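1. Please work out how this folds:
(one chain, ligands or ions: 2)
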Amino acid sequence: MRLLEYEGRLLLEDAGIPLPRGKVAETADEVREIAGGLEGGTVVKAQVPVGGRGKAGGIKVAESPDGAAEIARGLLASELKGELISKLLVVEQVEIETEYYLSVILDRGRKGPVIIFSPEGGVDIEQVAEEKPENIFEVEPDPLIGLQPFMIRELIYKSGVRDDIFKPLYGIIEKLYSAYLRFGATLVEINPLASTPGNDLLALDSKVKIDDDSRSMEDVEAILPESEGTGDKTEIERRAEKAGLQYVELEGEVGVIGNGAGLVMSTLDVLSQKGGKPANFLDIGGGADAELVKEAFDIVTSKEGISGIFVNIFGGITRCDEIARGLVEALGDRKFDLPVIVRLTGTNEDAGRKILEDYGINAVSTLDEGADQIVKSS
Ligand code: GDP
Ligand code: MN
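-> Ligands and ions are numbered 1, 2, ... in the order given. The predicted structure follows:
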């Protein structure tokens, strides 16, 4: 599970990592009060489980407590990158000299943790990796002997940071690594790790992912107030989960609905083969009724940037007429400009086709045909 920033902060704080002072709030009044208790300007930060909040307008600087409350009113209950903002973190504003990047990640390829440090922080580490790979420094602690002092020293020296950063950075690397182990994390990332004019290092933003199955969950829950566990799930994923549907988000443009994991997987394969890019997929499982199909359609189409929908149904216990009814209900008389291609075969196929035809959709009978059509029309 991915923790929200303020939750991750509680773990880092417990691990002794220096952070700007601050607290989480749910109302503009609370924000004013917290800001009033901090010195100087404050930063008001939207607590949503996505990165790049700064650029999207979710991180704002306030000069006064009233200004912070004003910002809070603008942010609360609004959406940031598709996520509803219900909590704000209010922290003291820090004067930043340099932004660094530091993380411990579980590298599945290397079957163990890797510590990554870069003197280029504040931006996406993927971007640094692509543009200036020479600015990324790594060390792989041996799982048996652990993280040795010489490894930390070597990592810092290789990166060429200023001497006066050495000591605080050394301490933070040690602490971040033990936090990673103690909390059963798969990622603990500080970006930016900022140096201030006084040469202190502070974790200004962090991202923490915990392995839900790990035995360390107890340690995590003891520190978090009420772990919401909504962490890494987006609004759409939560909605699908509520409906009992398997939903997976992908990068492309075509929304995909199918029944059964195997069928959905082959749908994605054939679609990709034809040059189509799936935006997401949703498995409605066996025996779905019209109501569930309608919900499935609404979920898949609620993703931004969809260029068409491909519904692939192989009727068995799932009845084609129920599917058709659900789709027609979902489409209703709303104007849905995007192409909807339906492949329908199996139980009650004729009845299903008739329902769709009356609505104006001609179902195809093979996966190949359907994939061809959606690629051509979307
Ligand atoms: P993200 O955009 O979701 O990664 O959110 P961050 O918390 O990393 O904030 C984005 C950027 O805002 C940081 O890289 C900083 O440059 C800036 N920022 C955040 N907090 C402060 C602060 O206290 N002082 C200053 N000067 N800048 C800040
Ligand atoms: Mn950040």
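2. Output the below-cut-off pLDDT ranges for the chain.
-> Along the chain, the parts satisfying pLDDT under 70 run over 226-233, 335.
3. Any chance you could note which residues of it sit beside ligand 1?
-> Listed as neighbours of ligand 1 in the chain under the rule Cβ under 6 Å from any ligand atom: 20, 43, 45, 51-54, 59, 93-94, 96, 99, 122, 192, 204-205. Heads up, the C-betas are built off the backbone N, CA and C, glycines and all.
4. Pick out the residue of the stretch 101-250 of the chain closest to ligand 1.
-> residue 205 (3.1 Å; Cβ to the nearest ligand atom).
5. Please name the bridge partners of residue 188.
-> Under DSSP bridges, the beta-bridge partners of residue 188 are residue 104, residue 208.
6. residues in contact with it?
-> 8, 11, 12, 103, 104, 176, 179, 180, 206, 207, 208 (Cβ atoms under 8 Å, 6 or more residues apart in numbering).
7. how deep is residue 140 tucked in, by neighbour count?
-> Neighbour count of residue 140, defined by other Cβ atoms under 10 Å: 13.
8. The nearest residue to it once chain neighbours are set aside in helix, strand or coil?
-> With Cβ to Cβ, 6 or more residues apart in numbering as the criterion, residue 140 has its nearest non-adjacent residue at 5.3 Å, and that residue is residue 114. Under DSSP: H, G, I helix; E, B strand; the rest coil, the three-state class of residue 114 is strand.
9. on that earlier part again, roughly how far apart are the residue of the stretch 101-250 of the chain closest to ligand 1 and residue 20?
-> 10 Å (Cβ to Cβ, to the nearest Å).
10. between these two, who's got more neighbours?
-> Neighbours of residue 205 and residue 20, each counted by other Cβ under 10 Å, are more numerous for residue 205; the result is 25 against 18.
11. Keep only those of the residues of the chain next to ligand 1 that are in strands.
-> Counting by DSSP state E, the part of those found in strands is 43, 45, 59, 99, 192.
12. near ligand 2, from these?
-> Among these, not one lies near ligand 2 by Cβ under 5 Å from the ion.
13. got a list of what the closest residue to residue 46 other than its chain neighbours touches?
-> Computed as Cβ to Cβ, 6+ apart, the closest residue to residue 46 that is not its neighbour in sequence is residue 58, at 3.5 Å. Each residue near residue 58 by Cβ under 8 Å, 6+ apart is listed here: 45, 46, 48, 75, 80, 81, 85.
14. Count the neighbours of the closest residue to residue 257 other than its chain neighbours for me.
-> Residue nearest to residue 257 in three dimensions, not counting chain neighbours: residue 311, with 4.7 Å by Cβ to Cβ, 6+ apart. For residue 311, the neighbour count with other Cβ under 10 Å is 30.
15. Over to residue 208?
-> Other residues within reach of residue 208, judged by other Cβ under 10 Å, total 26.
16. Same check on residue 178?
-> Neighbour count for residue 178, taken as other Cβ under 10 Å: 15.
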